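Peer 1: Here is the input, now give the coordinates:
(2 chains)
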Amino acid sequence: MTAERPAPASTTPSTSPPAPVAATGSIYDLGYQRYDGRRLGRPFAIRALYIHSLKGTFGIGRGGRAKIVPFGLLALAVVPAIVAIGFQALLGRAGAAGRQIEAPIRFDTYYPYVQTLVMLFVAAQAPELLGRDQRYHVLSLYFSRALRRSDYAIAKAAALVSAILLVVLVPQAIIFVGLTLAGRDVVDALGENLRSSPAILVEGTLVAVLLGAIGLAIAAHTPRRAYASATIIGAFIVPPIVAAIIGQAARGDLGRYVVLLSPGDVLEGLNAWVFARLPTNQTVARADLPGPLLLAVAIVATALLFGAVLRRYWRIAA
Amino acid sequence: MLAAGLAGHPLIALDGLTKCYRDVRALDGLTLEIEPGVIGLVGANGAGKTTLLKILLGLLTPTSGRARVMGFDATRQGTELRQFVGYMPEHDALPPDLSATDLVTHLAQISGLPSDAARERTAEVLRHVGLYEERYRQIGGYSTGMRQRVKLAQALVHDPRLLLLDEPTNGLDPAGRDEMLDLVRRTGTEFGIAVVVASHLLGEIERVCDYLVAIDAGRLLSAAPLHTYTERTGVLLAEVEDDEGGAALAGALSRLGLRVVADGRRVLVEVADSQPYDAVRDAVVDLGLPLVRLEQQRRTLEDLFRDRPDGVTAEPPPGALR
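Peer 2: Below you'll find the predicted structure:
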């Protein structure tokens, strides 16, 4: 992995000190063993940190209490999907008349519903993911290894985005399977649902990346979990209120574009664009901003927020 | 015997190393070359020890000057260098809700060890530092001594060529201190890993190190093998029973042309050859004084800081350090 390596000449496995075992019998003191096996370097280290962090986001490997919040929120995200499937099955039994009624929770209406849960998930778990290492000064153990600071930030960001993707895609997968099996003709239903899958994946990714970036950028800047969680929740719920008020009061373009300040509204608008439907949220519907603009705003915001995370880790003392 | 370093490269080479924080000069023009061994880095709190260790790890960028470790430029090749360095920070650095095994295994993987090897090495290293059954419990319930051991274990798990220890006995009781120092000593001598121990306690450095680097206010005070600090000095100490006796003896000796300093009952005589020994014996007999003690004085490490000259007294580091 590196061109230069300290000469391994005298680093062959040596069991020093010579173990005086035979006489006393039971205890085999092999002493310190040298390691001359493979060293897999940065890519492996990033992967290891990613997996460790992703598990940590769900509290795996960290005792029972750490699992309550993430798995509770995951369950809450899954429940409406199961309800939707049941509803669909009932409609199917009701015959042709029932099929005329639209199910309340479908691929395209699911994200606006689950957004609040994702926000809570981010507010709870992003500070766990980043704040713990700062709070307990673990960063110095990471940064004193063959890992760059940016590697750390990338692995942590990937872990949070993956965790959010799990929270949003698992229920969608349940809806997908349910709708397919509940369809009159399974093959037809599968084909129809598959046509929705690019939109499901695109919107899911947008939700995970934008909300994740907001959570990361805030959580990276404080070791205190309570501050970070409160700030993240604030960043999610205050802007839409402000946007709604200004949208009501202001006339013309200001009232429309103020929606761009609210991540929830931007995602709602993107959801409508991606699934080619009308937004349910009145503020977003009234603003009626073009999809590409919303997408550009989401991408630029994500880039800026992740830039702030990287900058933080370049500067943080370790 | 020691395996640290690329062939032909010194373990550590500093050239005019300076680090400034806003208005503070934490390190001021350190120039130094060190060969492998157990090296003590000693200085008061705030002398710049931690700053120096972090520069050696490539975690801090020097304001000017250069640091090379095992041939790597610490600033520009930090990532490559850190594969071969283990670092035990001074402060507590352990997450409370992981077990020692899980944490050290994870950190071994971050050092690039494949998962199987990481688990094996973790078990070995934790046993080596003296953590047995408790290694499966969460670190939050550990004593300070156990936490220090975990910190040492994570620094050793990837089998570094150089170990940087920052105040490894911090917060330990006397027994824990002894055990930690013994571990450090053994790691350096039996396992062939070069060790730099930063400490503000001279007594500890004296017990484990064979080379000493002393810094004060960011400047190099001295760098030499430990034994050169405690060598015999050219001073003979004669102690008699009371102050008057001391004054009488000093008077008698100075009349013989010797350079003498009287310090109460104690008389210090400069020694050039064996003549002063005889002179002291004769004078004591002549004056009928009860002689309590006659010995050649040894310097102690404390003298280094007590008699600090204004300038820098870096002795050129002798190449032979085993």
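Peer 1: hey, let's count contacts and neighbours off CA atoms from now on
Peer 2: Will do.
Peer 1: Do a quick rundown of the strands in chain B.
Peer 2: B:12-21, B:24-34, B:38-42, B:64-69, B:72-73, B:85-88, B:162-166, B:194-199, B:211-216, B:219-225, B:232-240, B:260-263, B:266-270, B:291-298 (DSSP state E).
Peer 1: Contacts made by the fifth one with the rest, please.
Peer 2: If I follow you right, that is strand B:72-73. Contact partners of strand B:72-73, identified using C-alpha atoms under 8 Å, 6 or more residues apart in numbering or on different chains, comprise B:Arg66, B:Ala67, B:Gly78, B:Glu80, B:Leu81.
Peer 1: Which members of the residues you listed are the farthest-apart pair?
Peer 2: Checked with C-alpha to C-alpha, those reach their widest spread between B:Arg66 and B:Glu80, with 16.6 Å between them.
Peer 1: On the three-state scheme, A:Leu304 is what?
Peer 2: Following DSSP: H, G, I helix; E, B strand; the rest coil, the label given to A:Leu304 is helix.
Peer 1: what residues are up against residue 52?
Peer 2: I'll assume chain A. B:His106.
Peer 1: Sorry, I should have been clearer: chain B.
Peer 2: By C-alpha under 8 Å, 6+ apart, the neighbours of B:Leu52 are B:Leu27.
Peer 1: ok, now how distant is it from B:Gly43?
Peer 2: 11 Å (C-alpha to C-alpha, to the nearest Å).
Peer 1: Over to B:Gly78?
Peer 2: Per C-alpha to C-alpha, B:Gly78 is found 25 Å from B:Gly43.
Peer 1: Next: A:Leu261.
Peer 2: Distance, A:Leu261 to B:Gly43, by C-alpha to C-alpha: 54 Å.
Peer 1: Which one of those two is surrounded by more residues?
Peer 2: Taking neighbours as other C-alpha atoms under 10 Å in any protein chain shown, A:Leu261 and B:Gly43 compare with B:Gly43 leading, 24 against 17.
Peer 1: who's in contact with the more buried one?
Peer 2: B:Gly43 is in contact with B:Lys49, B:Ser199, B:His200, B:Ala214, B:Ile215, B:Asp216, counting by C-alpha under 8 Å, 6+ apart.
Peer 1: Pretty sure A:Arg256 is one of the things A:Gln248 touches, is it not?
Peer 2: No - under the criterion of C-alpha atoms under 8 Å, A:Gln248 makes no contact with A:Arg256, lying 9.6 Å away.
Peer 1: what about the two, which has more around it?
Peer 2: A:Arg256 (22 against 13).
Peer 1: for that one, what are its contacts?
Peer 2: Contacts of A:Arg256 by C-alpha under 8 Å, 6+ apart are A:Gly247, A:Arg286, A:Ala287, A:Asp288, A:Leu289.
Peer 1: who wins for most neighbours among the residues you listed?
Peer 2: A:Gly247 leads these on contacts (other C-alpha under 10 Å) with 24 neighbours.
Peer 1: which stretch of helix or strand covers that residue?
Peer 2: helix A:225-249 (DSSP states H and E).
Peer 1: which other helices and strands contact that helix?
Peer 2: If contacts are counted by 3 or more C-alpha pairs under 8 Å, 6 or more residues apart in numbering or on different chains; DSSP states H and E, helix A:225-249 sits against helix A:107-135, helix A:186-219, helix A:253-257, helix A:263-275, helix A:282-287.
Peer 1: how about the residues of the stretch 101-250 of chain B near chain A?
Peer 2: B:106-107, B:109-114, B:117, B:124-125, B:128, B:158-159, B:190-191 (C-alpha under 8 Å from any C-alpha of the partner chain).
Peer 1: Perfect, I'm done here.
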